[in-house]
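> Test case, fold it:
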Amino acid sequence: MNLSTSAKLSEYGACGGASQGDALVRAHLPLVKRIAQQLLVRLPAHIEMDDLIQVGLIGLLKASDDHQLDSGAQFSTYAAIRIRGAMLDELRSRDWLPRSVQRDLGRVAAAIERAEQRVGRSATDQEIADQLDMDLDSYQQLSGELACARIGQLEELDVPTEVDATTTTVFDTAQREAVVEAIERLPEKECLMMSLYYTEGLNLKEIGMVLNVSESRVSQIHGQAVARLRAKLTDWT
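Below is the predicted model:
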């Protein structure tokens, strides 16, 4: 991006007509920068603030286009979800995963594995939270943060990660089959979410409509599903 963060925000703030939508967007420009700053503290140096601002602005504009004034949800809440989702999508496209998320992913996966060994079935959110000695809200917030992980980033497992130059995945044929089998053993809602996101290419809003849940809840389901997959694949060789 050629423009600085401040210049980019100022440029948009100075343009546009007098429509209610434009005014709504201009009023929430500081929200874009605030969310970018929150994410940036966990990002490596090569990730630039301006890149997050750019995609965050796109998320804000789409939020303004899609938001229903009579939906009952405050626009700031809805916009924050769309802005953060746009930024996370940009980070996903770079196949990047923060070290803190790697650690949390391993911690949650281990908790899921222990909880499921104890109960003899797929552990619920509450059971996983109990295993982590966390309240449910804190655990769901944590699982939402794990949504910036991708299936292709499960290479942190102690399995071979050699990649042929002609392929874009870190998994060889046997590994891919193991992942597919593990996905099929996920709880129904998590399995459907993974299929809609990775196979059908739906975004968080669209998946939320299918599952009849909020976008933030979709992120939580996604993060938990990736952690559960890691737990299922821990012993794979």
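> biggest helix in this protein by residues?
helix 99-119 (DSSP state H).
> Which stretches in this protein count as strands?
Taking DSSP state E, the chain contains no strands at all.
> Let's test this: name the helix or strand in it with the lowest mean pLDDT.
Among the helices and strands of the chain, helix 5-14 carries the lowest confidence by mean pLDDT, DSSP states H and E, at a mean of 51.
> about what we covered before: what helices or strands is the longest helix of the chain leaning on?
helix 125-131, helix 136-145, helix 215-233 (3 or more C-beta pairs under 8 Å, 6 or more residues apart in numbering; DSSP states H and E). Any C-beta I mention is one placed from the backbone N, CA and C, and that applies to glycine too.
> Now the first one: average pLDDT?
The average pLDDT within helix 125-131 is 95.
> Give me the buried positions along that helix.
127-131 (16 or more other C-beta atoms under 10 Å).
> and which of these is nearest residue 218?
Residue 218 lies nearest to residue 128 out of the buried residues of helix 125-131, by C-beta to C-beta, at 17.5 Å.
> Check whether the closest one really touches residue 110, as I assumed.
No: using C-beta atoms under 8 Å, residue 128 makes no contact with residue 110, being 10.5 Å away.
> Need the residues touching each of these two.
With contacts defined as C-beta atoms under 8 Å, 6 or more residues apart in numbering, no residue is adjacent to both residue 128 and residue 110.
> Low-confidence stretches in this structure?
The model of the chain has pLDDT under 70 over residues 1-21, 42-46, 67-73, 92, 94-98, 148-179, 198-199, 201, 234-237.
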